[in-house]
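Novice: Give me the fold of what follows.
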Amino acid sequence: MNILVTGANGQLGNEMRLLAAKSGDRYVFTDVNQAEGVETLYLDITDPEAVRGMVAEHRIDAIVNCAAYTNVDAAESNEALAERLNAEAPENLARAMKETGGLLIQISTDYVFGKEPYNVPCREEQQGTPTGVYGQTKLHGEQKIGAVGCKHVIIRTAWLYSEFGKNFCKTMMQLTATRPELKVVFDQTGTPTYALDLAEAIVRVLEDYAAEAPAERYSKTGIYHYSNEGVCSWYDFTKMIALCCGNTGCDVQPCHSSEFPSPVTRPSYSVLDKTKIKQTFGIRIPYWTESLKKCIDNLK
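Specialist: Numbers count the residues shown, from 1 in each chain. Sure, this is the predicted structure:
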């Protein structure tokens with residue numbers, strides 16, 4: 001297959017590059033930003049004609065959309081831009097795949113939940129109740145893809161980290177190594193996700209699609225959830241990062257979210273139920289601490 005990866009220089013896009021090197025499929029990596037040492041074609045996914053042109057030129061069979069506006073706080077004052085990148089751009093990709101009969105894999109977020117006081121893992125069919133612009137625009141993206149009606153797999157994920165770029169894991173590795181004391185919120189609960197694990201799940205979906213591609217309509221179109229297994233708070237996540245790094249000199253203490261004022265209310269509980277993706281694609285999901293140790297070992 002010919003597979004287009006957008007947002008290729010971000011965390012997930014870079015993990016997709018690693019897996020593509022071992023794949024028999026042909027990958028085309030695009031971004032609006034260039035990165036040293038990797039081949040990246042320029043593609044503005046907010047431009048529908050540019051998307052159509054790229055799909056036609058490279059005879060694309062499937063798109064993996066790793067591009068998004070992900071600055072949760074800044075989205076509150078940049079709603080139009082967030083809507084353009086998180087909702088209108090995925091719609092452009094969906095239309096391109098609708099026209100060619102291809103598959104769109106869209107990466108969404110646990111932030112589509114949060115306003116309701118959940119206390120059990122969120123399922124795919126659960127109504128979205130986002131608490132801010134970021135979650136709202138990502139939910140709009142899901143809805144626009146559904147309305148276009150292309151073959152699609154929307155994967156909601158959470159708390160993504162990797163060896164690449166800026167992320168919570170790398171920040172806390174540095175802070176717990178250099179500060180004597182650190183406060184981290186304990187009243188926001190979810191599950192960290194190692195971007196490499198998510199990339200491997202995406203490749204599994206692509207393999208499954210290739211096996212069924214001749215079908216007029218892909219039988220597994222829909223919304224799925226993927227994060228690592230388990231549950232923790234940001235405080236627990238930080239404690240485990242410090243432990244894995246051997247940063248025992250930092251006194252990590254729990255605190256309330258109210259101690260760190262933010263323009264947006266983040267979900268207090270956004271644990272994702274992964275039953276559907278495991279059963280549908282035969283995926284085994286690692287426990288979050290196992291994957292965290294692998295990532296930190298790679299970084300060290």
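
Novice: burial of S227, as a residue count?
Specialist: S227 has 28 neighbouring residues, counting by other Cβ atoms under 10 Å. Any C-beta I mention is one placed from the backbone N, CA and C, and that applies to glycine too.

Novice: Could you verify that it is part of a strand?
Specialist: No: residue state for S227 (DSSP: H, G, I helix; E, B strand; the rest coil) corresponds to coil; a strand is not indicated.

Novice: Run a quick check on it versus P192, I expect a contact.
Specialist: Yes: under the criterion of Cβ atoms under 8 Å, S227 is in contact with P192, at a separation of 7.4 Å.

Novice: Identify the contacts common to those two.
Specialist: 158-159, 288 (Cβ atoms under 8 Å, 6 or more residues apart in numbering).

Novice: Who wins on neighbours among those?
Specialist: Neighbours were tallied for each of the shared contacts of S227 and P192 (criterion: other Cβ under 10 Å), and the maximum of 24 neighbours falls on W288.

Novice: Quick one: the helices in the stretch 51-200 of the chain, in order.
Specialist: In order along the chain, the stretch 51-200 of the chain carries the following helices (DSSP state H, counting those that start in this stretch): 72-75, 79-83, 89-100, 133-148, 168-178, 195-212.

Novice: so where's the stretch 101-250 of the chain uncertain?
Specialist: Counting by pLDDT under 70, the stretch 101-250 of the chain contains low-confidence residues at 213-216.

Novice: Mind jotting down where the helices sit in the stretch 201-300 of the chain?
Specialist: Under the criterion DSSP H, counting those that start in this stretch, helices of the stretch 201-300 of the chain are mapped to 234-245, 275-281, 288-299.

Novice: how about the ones you listed in a markdown table, adding distance to E88?
Specialist: As requested, the helices of the stretch 201-300 of the chain are arranged in a markdown table below (distance: least, Cβ to Cβ, whole Å):
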| stretch | distance to E88 |
| --- | --- |
| helix 234-245 | 31 |
| helix 275-281 | 26 |
| helix 288-299 | 33 |
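
Novice: Can you say which of these is packed in most?
Specialist: Compared across the helices of the stretch 201-300 of the chain, helix 234-245 shows the largest average neighbour count, a mean of 21 (mean count of other Cβ atoms under 10 Å).

Novice: nearest residue to L182 other than its sequence neighbours?
Specialist: Excluding the flanking residues, the one nearest L182 by Cβ to Cβ, 6 or more residues apart in numbering is V252, at 5.1 Å.

Novice: contacting residues for that neighbour?
Specialist: Listed by Cβ under 8 Å, 6+ apart, the contact set of V252 reads 176, 181-184, 235, 238-239, 242.

Novice: So which of the helices of the stretch 201-300 of the chain is nearest N33?
Specialist: Distances from N33 to each of the helices of the stretch 201-300 of the chain were compared by Cβ to Cβ, and the smallest falls on helix 288-299, at 22.1 Å.

Novice: Tell me what angle that closest one forms with helix 168-178.
Specialist: With axes from the mean of the first three to the mean of the last three Cα atoms, to 10 degrees applied, the angle from helix 288-299 to helix 168-178 works out at 70 degrees.

Novice: so what does helix 288-299 touch, helix or strand wise?
Specialist: Contacts defined by 3 or more Cβ pairs under 8 Å, 6 or more residues apart in numbering; DSSP states H and E place helix 288-299 against helix 168-178, strand 193-194, helix 195-212, helix 234-245.

Novice: what's the average pLDDT for that helix?
Specialist: In this model, helix 288-299 has a mean pLDDT of 97.

Novice: Contacts for that helix next, please.
Specialist: Applying Cβ under 8 Å, 6+ apart, the set of residues contacting helix 288-299 from outside is 161-163, 169-170, 173, 191-194, 196-197, 227-230, 232, 237, 240-241, 244-245.

Novice: Could I get the CA-only coordinates of stretch 256-271 as PDB?
Specialist: Output in PDB follows, covering the C-alpha atoms of stretch 256-271 (Å, rounded to 0.1, in the frame of the first residue of the first chain):
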ATOM      1  CA  HIS A 256      -4.700  20.000  43.500                       C
ATOM      2  CA  SER A 257      -5.300  21.300  40.000                       C
ATOM      3  CA  SER A 258      -6.500  24.600  41.500                       C
ATOM      4  CA  GLU A 259      -2.900  25.300  42.500                       C
ATOM      5  CA  PHE A 260      -2.000  25.600  38.800                       C
ATOM      6  CA  PRO A 261      -4.500  28.100  37.300                       C
ATOM      7  CA  SER A 262      -5.300  27.400  33.600                       C
ATOM      8  CA  PRO A 263      -7.600  29.000  31.000                       C
ATOM      9  CA  VAL A 264      -9.200  25.500  30.500                       C
ATOM     10  CA  THR A 265     -10.600  22.900  32.800                       C
ATOM     11  CA  ARG A 266      -8.900  19.600  32.100                       C
ATOM     12  CA  PRO A 267     -10.800  16.300  32.400                       C
ATOM     13  CA  SER A 268     -10.600  15.000  36.000                       C
ATOM     14  CA  TYR A 269     -11.200  11.400  34.800                       C
ATOM     15  CA  SER A 270     -10.600  10.300  31.200                       C
ATOM     16  CA  VAL A 271      -9.600   6.700  31.400                       C
END
